[in-house]
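1. structure for this input, please:
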Amino acid sequence: MADIRPFSGLRYDTARVSLPDAVCPPYDVIGPAAADALRRRSPYNAVHLELPQAPPGRPGDRYRAAADLLTAWRADGVLRADDEPALYLVDQTFTGPDGHERTRRGFVCLLRLEDFAARVVLPHERTHAGPRVDRLELLRATHANLSQVFLLYPDPGHDVGRALAAAAPAPSPALEALDDDGNLCRLRPVSGPVTAQVASLLTDRQLLIADGHHRYETALAYRDERRAAGDPGADWVMVCLSSMDDPGLAIFPTHRLLKGVILPPFDELVARLRTVFDVTEQAGGGALACTPALERVSGSAGPRKELGLYLPAEGRCLALVARDEASARLTGRGLSPALARLSVSLLAELVFRDALGLDPDTLEGHLDFAKSVDDAVAALEGGGYDLAAFLGATPMDEVRAVAEGGETMPQKSTYFYPKLLTGLVFNAL
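-> Coordinates of the predicted model:
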């Protein structure tokens, strides 16, 4: 049973701090140059908490520095706790990589942490240990949720959506901010009876983690630590919930860039691919010439599974369409039908493992990711990559089927866009 509740969030005093200057993207998509720019933007930007820097001469104290800064901002009144518990509506109006404008609604609340075995919260992707260690150290030091785990709930009758819409006040200009892609984010605190109504509507629904698997797993680990110490104060985690039936929900693919690997000769590679794919070589040479074909693959979704490959050494681009026997080959290896029909599974097993001779489970350090065809092409032009693989988006019903089956996809199988901004609201445990 999903147990959610409103809370008195810590928020910037917008009389003292400009919200657009204070928010930042999630920690895991901020590169070093972007982090430096955000730090220069404002001494109160949330990046100072999310990606803290150690004081000079104390290189091991960066997590302590975040905790001290959070304490100072609260003491100085830069951050203030709201007087009454609320749900915080978050409306993001954005233009996706496909060029279409949408608005996605979510709301920030607290969720009682549940182990995955309870089947209340479902993961859909695998995680790595490194980010969990980093986030756990930060959580231990600050004893606060600095950003939200992004989860989805089923709302086919739109009853939760209607309850939120009826209670939503007009937004204040002080509670609006643009992200670095130019997407508009509006924050609206909602309190009163609607909070109990929404909580009641969600009690019998399973929640699916869309983004923030590492943060949820970290919160579970910290909860267990605090419980062992006799402190139940970490039993709840700050989340943002959106409806998986929201027309503004958008999922885009994450493309793969391989480096430091040895590939088979081109003709041999094509022959291996043809055993399960219809293979077409695109006309023209170079990554730029291939861009239209790769963008078509990137925009594909649904039952026809298409992949694109670009080989920089050859300057050649291949379009792959999986035949029926492709998924059958994967189910024969023990994958469930839900996993076997995913583009990321076809890529990992039939391209990386079978055609390239690479173990997809040992590619960490050899694999980079790109959120768009343009980003991938720009990276390819910089050199250093042996192959680029382009996928279509994974539809919501396929993501849900895998999660409900108790399975997980490879890391970065989905790209829920846009990312949630950090700094809209914090939760002191």
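2. and the helix or strand hosting Phe390, how far out from the chain's middle?
-> Assigning secondary structure by DSSP states H and E places Phe390 in strand 387-391. Relative to its chain's centre, strand 387-391 lies at 20 Å (Cα atoms, centre = their mean, to the nearest Å).
3. can I get that strand in CSV? Just the C-alpha atoms.
-> Extracted C-alpha coordinates of strand 387-391, given in CSV (Å, rounded to 0.1, in the frame of the first residue of the first chain):
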residue,chain,number,x,y,z
LEU,A,387,30.7,2.5,-32.6
ALA,A,388,27.5,4.3,-31.9
ALA,A,389,24.1,2.6,-31.4
PHE,A,390,20.8,4.4,-31.7
LEU,A,391,17.5,3.2,-30.3
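4. in terms of secondary structure, what does that strand contact?
-> Counting contacts by 3 or more Cβ pairs under 8 Å, 6 or more residues apart in numbering; DSSP states H and E, strand 387-391 packs against strand 255-258, helix 287-298, strand 306-311, helix 373-381. In this view, the C-beta of every residue, glycine as well, is placed from N, C-alpha and C.
5. try 6 Å this time
-> Strand 387-391 sits against strand 255-258, helix 287-298, strand 306-311, with contacts defined as 3 or more Cβ pairs under 6 Å, 6 or more residues apart in numbering; DSSP states H and E.
6. what's downstream of the helix or strand hosting Leu151, the next helix or strand?
-> Using DSSP H and E, Leu151 sits within strand 149-153. From strand 149-153 onward toward the C-terminus, using DSSP H and E, the following helix or strand is helix 159-167.
7. correct me, but Phe107 touches Asp91?
-> No - when contacts are counted by Cβ atoms under 6 Å, Phe107 is not listed as touching Asp91 (9.7 Å).
8. between these two, which one's more packed in?
-> A count of neighbours by other Cβ atoms under 10 Å puts Phe107 above the other of Phe107 and Asp91, at 24 against 18.
9. and the more buried one, what pLDDT?
-> Here, the pLDDT recorded for Phe107 equals 97.
10. show me what it is bridged to.
-> Leu89, Leu241 (DSSP bridges).
11. contact partners for it?
-> Leu87, Leu89, Leu241 (Cβ atoms under 6 Å, 6 or more residues apart in numbering).
12. okay, buried residues for the one helix or strand the first one maps to please.
-> The reference is to Leu87. Assigned by DSSP H and E, Leu87 belongs to strand 87-95. Within strand 87-95, the residues scored as buried using 16 or more other Cβ atoms under 10 Å are Leu87, Tyr88, Leu89, Val90, Asp91, Gln92, Phe94.
13. who does that strand touch, helix- and strand-wise?
-> strand 101-112, strand 184-190.
14. got the angle between the longest one and strand 87-95?
-> For strand 101-112 against strand 87-95, the angle by axes from the mean of the first three to the mean of the last three Cα atoms, to 10 degrees is 150 degrees.
15. so Leu19 sits against Ala177, correct?
-> Yes - counting by Cβ under 6 Å, Leu19 touches Ala177, with 4.9 Å between them.
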